[in-house]
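Engineer: With the sequence up front, the predicted model follows.
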Amino acid sequence: MDPDASHAAPPALAWSTANCQVARAMAVLGEKSTVVVLREVFNGVRRFDDVQRHSGVPRQVLSNRLALLVEHDVLRRVPYRPEHGRERHEYRLTQKGLDLYPVLAALADWGARYYADKEGPPVEISHRDCGAAVHATLTCEAGHRLDDPRAAAPRPGPGARPVDA
């Protein structure tokens, strides 16, 4: 008997991944150093030399990552001139970049849960108004908070395309 005979194919296999939003996002964000650069900018470290020194990302890699994030409108370059120096640039988040904050918050939550030292995570995200800790959560458009990720399920969206047979 064929061992796969009783195995039903997952419904996702019927849909093409050619226009997958996750794959497209990872084409921009998929390198570890890209997320590290974003962490620095979210933490207020905006100047190339400061980002390089604080993150440890090699200069050429940092230059490439910053250029990619600017090209994709995640960051924008803002000129400044140090006293007696040449013009340089700071990197600021665009709205598209700010929209990544829940992604970084989710990564921080996950890292704190599974990889923090026994004393706890070195950085926490807090609400500026009340000081309480901020966490990423899954919430449906009807306002229901999903405490169990298994309560969410993928389904074909408006851009779904069947796999070519």
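Structural biologist: Ah, there it is. Please read all numbers here as calculations on a predicted model, not as lab measurements.

Engineer: what residue is smack in the middle of the protein?
Structural biologist: When the chain is reduced to its mean C-alpha position, the nearest residue by Cα atoms, centre = their mean turns out to be Val103, at 4.5 Å.

Engineer: Okay, and that one sits in which element?
Structural biologist: For Val103, the element it lies in under DSSP states H and E is helix 101-114.

Engineer: List of residues touching that helix?
Structural biologist: Contacts of helix 101-114 with the rest of the structure, by Cβ atoms under 8 Å, 6 or more residues apart in numbering, involve 29, 35, 38-39, 42, 120-121, 123-125, 134-136. Quick note: C-beta positions are derived from backbone N, CA and C, even for glycine.

Engineer: can we see that at 6 Å?
Structural biologist: Contacts made with helix 101-114 from outside it, assessed by Cβ atoms under 6 Å, 6 or more residues apart in numbering, are listed as Phe42, Pro121, Ile125, His135, Ala136.

Engineer: Please indicate which of the residues you listed are buried?
Structural biologist: For those, a neighbour count by 16 or more other Cβ atoms under 10 Å gives the buried set as Phe42, Ile125, Ala136.

Engineer: for the last one, what are its contacts?
Structural biologist: Spelled out, it's Ala136. For Ala136, the set of contacting residues under the criterion of Cβ under 6 Å, 6+ apart consists of Pro102, Ala105, Ala106, Asp109.

Engineer: Could you measure from it over to Trp110?
Structural biologist: Using Cβ to Cβ, to the nearest Å, one gets 9 Å for the distance from Ala136 to Trp110.

Engineer: which residues in the chain form helices?
Structural biologist: In chain order, the chain shows helices spanning 21-29, 32-42, 48-55, 59-71, 95-98, 101-114, with DSSP state H as the criterion.
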